[in-house]
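> Got a sequence here, can you build the structure:
(chains A and B)
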Amino acid sequence: MHPPPFPEFHFLPLEAAAGQQWRRPATYSFIAKVQHIPVADSELLQTSHHLPVVIQSAQDGVQVVALARPAFNRSSPVSDEGRWRRAYMPIALRAVPFRLALPSGPTPRLEICSELGLVPAAQEGTPLTSTKDQLQPDLQALASLLVRFEKGHRRLNQAAERLLLAGILADMPNLGSDGPSSYLSVDPNLLDDLPSRRAAYLARDNFLPMDLIGACLFSQRLLPEPMAGLARPPGQPRSRTGSIAADLKGSLQDVVDLNVQVDDSELFSLDAFE
Amino acid sequence: MPAGSSLYENPVRLTSVHGGSRIFAQVAYRTVRQAQTCPVAHTEGLKLAALYPICWLAGGGRPALIALRSLRTDGAGHPPGIAATPSALPLALQAYPFVVGRGAVRGDGTGIMLDDVIADEPTDVGAPILTPQGKFTRGAEVRVQAAAAFTNGLEFTEALTDALVAEEYLERWQIDPAALPQEASVPDLLVIAPAERVAARLFQVVRRLGASAGTFISAHRISLFRISVLVQAAKGTDSSLKHAVG
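The predicted structure follows:
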């Protein structure tokens, strides 16, 4: 069972903050401290356009995450003033200063980040009125969204497990690791080696494992080059000609600097995915 | 230039007659700057998904896999800056004015086709195609290699398209007309039906054609998000035209 998002910050159950006021973060500069952001299946492809999507492997399992720290991105997702610069913001980040309390029970419970969401006494905000048994009405829609998000994140993590079982993931040693956890991504060489009759099982009941492969490979170009390297299994040649591996070698790097257009058309509204 | 019309205006077989002809930077040619669609090979899927929707052009015997570069047929509506970076162009345009496709390129240097057109916006003096000894110059060779890379991927691209058509996975791409600017003219495009409807059968496609097919399908799905950038580019051109004319 994965931990709730943003462990870098301190979260309180809502009822513990009752009587105080909350507001959205004034800036997103805090993202520099955030190791990674969990991603749901509904937003996987959209997110891969804007942030590197990788798989975190920890003691309690794997989870699919996006990397938003400026150090992990060729072009920083936040401006110097802390404004979010990408056309898409992952759901978990949009929900800040709230998150779903995990493990989730029959009724969803929210937590609030004290540093990022609680308003000092003299300033304006929105009242927190939830009790232990009753979530305040104006936060119920958010709670429902986060419950759906949590299910979508778990489905995506199951897809990641399939990729792990298929043997196509490799360590990303240059992203650093946090003790026993590390980041993995799809190795195009290992994918090439997967016989068709086995690869087909990645497209068996739903297309999510294949989409996750695509999202990992596609978004690797967003990482600064020194960080994007994959650990090679012993005995593997550096790169090979033919199919996916050769096609990707270098070719994805060229387009990263051009992908800075803001795309906020209603054709792909976020609401349609929720 | 409307979708479905060929990229090529005057394809001719390359002979020694063209030895002295000069070729120019791709962006010097109107086709490269203005073509609304451009054929792509499946190998380019993940790269081009960052720039263009990759989908199929309906019509003809077999739908053609293309990059949708603009929503307008008048040459406008291209997101700025893209055409000027050769390595970001689809292979077919990187190769231009060399012709890509079946029969277009043969390794022995014979039978190569060239679109014999004038570069209407040259950025420099260009370069000859052949050396005095009759070999390709470096600049020409790079383009011929791009053409070969496209052609090498064509067979699998067509096999994949045929498999998707046979299983009835392709459906009309319904782009909401209300979201499009007035001057937009979108050709008949096909996309893979939503994954939840076809997932069980995609198993067979991947089983026959391998992980590359699956990865390409994912790249196609990823690329469709770029439609919103084309909408912006088409609208942006509208307003700038109004200011210029008004």
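> So B:Gly214 belongs to a helix, correct?
Yes - assessed by DSSP: H, G, I helix; E, B strand; the rest coil, B:Gly214 belongs to a helix.
> so how many other residues sit close to A:Val54?
Look at A:Val54: counted by other C-beta atoms under 10 Å in any protein chain shown, it has 28 neighbours. Every residue, glycine included, has its C-beta placed from N, CA and C.
> Flag the shaky bits of chain B, pLDDT-wise.
Confidence mapping of chain B against pLDDT under 70 gives the ranges B:1-5, B:83, B:102-110, B:196, B:199, B:237-246.
> Strands of the stretch 51-200 of chain A, residue ranges please.
With DSSP state E, counting those that start in this stretch applied, the stretch 51-200 of chain A shows strands at A:53-58, A:61-66, A:98-100, A:110-113, A:126-127, A:169-171, A:182-186, listed in chain order.
> and the residue of the stretch 1-150 of chain A found nearest chain B, what is it in contact with?
Among residues of the stretch 1-150 of chain A, the one nearest chain B by C-beta to the nearest C-beta turns out to be A:Leu45. It sits 4.9 Å away. Residues counted as contacts of A:Leu45 (C-beta atoms under 8 Å, 6 or more residues apart in numbering or on different chains) are A:211, A:214-215, B:218, B:221-222, B:225.
> before we move on, what about A:Phe9?
Applying C-beta under 8 Å, 6+ apart to A:Phe9 gives the contacts A:30, A:33, A:113-116.
> Check these and tell me the two furthest apart.
A:Lys33 and A:Ser114 (14.5 Å; C-beta to C-beta).
> Which of these two has more residues huddled nearby?
Relative neighbour count places A:Ser114 above the other of A:Lys33 and A:Ser114, with 16 against 11, counting by other C-beta under 10 Å.
> How many neighbouring residues does the closest residue to that one other than its chain neighbours have?
The shortest distance from A:Ser114 to any residue that is not its chain neighbour, by C-beta to C-beta, 6 or more residues apart in numbering or on different chains, is 5.2 Å, and that residue is A:His10. Other residues near A:His10 number 12, with proximity taken as other C-beta under 10 Å.
> ok and the residue in chain B nearest chain A?
Proximity to chain A, evaluated over chain B using C-beta to the nearest C-beta, is greatest for B:Ser218 at 2.6 Å.
> tell me the pLDDT at the closest residue to that residue other than its chain neighbours?
In space, not counting the residues next to it along the chain, B:Ser218 is nearest to A:Gly214; the distance is 2.6 Å by C-beta to C-beta, 6+ apart. We note a pLDDT of 97 for A:Gly214 in this prediction.
> Would you confirm that A:Gly214 contacts A:Ser48?
Yes - A:Gly214 sits in contact with A:Ser48 when judged by C-beta atoms under 8 Å, with a separation of 7.5 Å.
> where do the contact lists of those two overlap?
Common neighbours of A:Gly214 and A:Ser48, using C-beta under 8 Å, 6+ apart, are B:Ile222.
> Name the residues of the stretch 1-150 of chain A found near chain B, please.
Applying C-beta under 8 Å from any C-beta of the partner chain, one finds that the stretch 1-150 of chain A approaches chain B through A:45-46, A:48-49.
> Look up which residues are beta-bridged to A:Ala66.
A:Ala66 forms beta bridges with A:Ile37, A:Val53, as assigned by DSSP bridges.
> Check whether it really touches A:Val53, as I assumed.
Yes - A:Ala66 sits in contact with A:Val53 when judged by C-beta under 8 Å, with a separation of 5.5 Å.
> which neighbours do the two share?
Common neighbours of A:Ala66 and A:Val53 (C-beta under 8 Å, 6+ apart) are A:39, A:47.
> Could I get the contacting residues of the residue positioned nearest the centre of chain B?
Compute the mean C-alpha point of chain B, and by C-alpha atoms, centre = their mean the closest residue is B:Cys38, 2.3 Å away. For B:Cys38, the residues meeting the contact criterion (C-beta under 8 Å, 6+ apart) are B:7, B:66-67, B:69, B:90, B:92-93.
> Going along the chain, name the helices of chain B.
Taking DSSP state H as the criterion, chain B contains helices spanning B:30-34, B:45-48, B:91-94, B:138-166, B:195-209, B:211-223, B:227-245.
> May I see the ones you listed arranged in TSV, with mean neighbour count and distance to B:Gly81 as well?
Putting the helices of chain B into TSV (neighbours: other C-beta atoms under 10 Å in any protein chain shown; distance: least, C-beta to C-beta, whole Å) gives the following:
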stretch	mean neighbour count	distance to B:Gly81
helix B:30-34	20	12
helix B:45-48	26	15
helix B:91-94	26	15
helix B:138-166	18	20
helix B:195-209	17	32
helix B:211-223	26	18
helix B:227-245	17	11
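> And B:Pro80, its phi and psi?
Backbone dihedrals for B:Pro80, given as degrees, to the nearest 10, come out at phi -70, psi 150.
> Now do the nearest residue to it once chain neighbours are set aside against B:Ser87, distance only.
Computed as C-beta to C-beta, 6+ apart, the closest residue to B:Pro80 that is not its neighbour in sequence is B:Ala233, at 7.5 Å. Computed with C-beta to C-beta, to the nearest Å, the distance linking B:Ala233 and B:Ser87 is 21 Å.
> before we move on, what about B:Asp116?
Distance of B:Asp116 to B:Ser87, given as C-beta to C-beta: 25 Å.
> Compare those two (neighbour count), which wins?
Using other C-beta under 10 Å as the criterion, B:Asp116 and B:Ser87 rank with B:Asp116 on top: 16 against 12.
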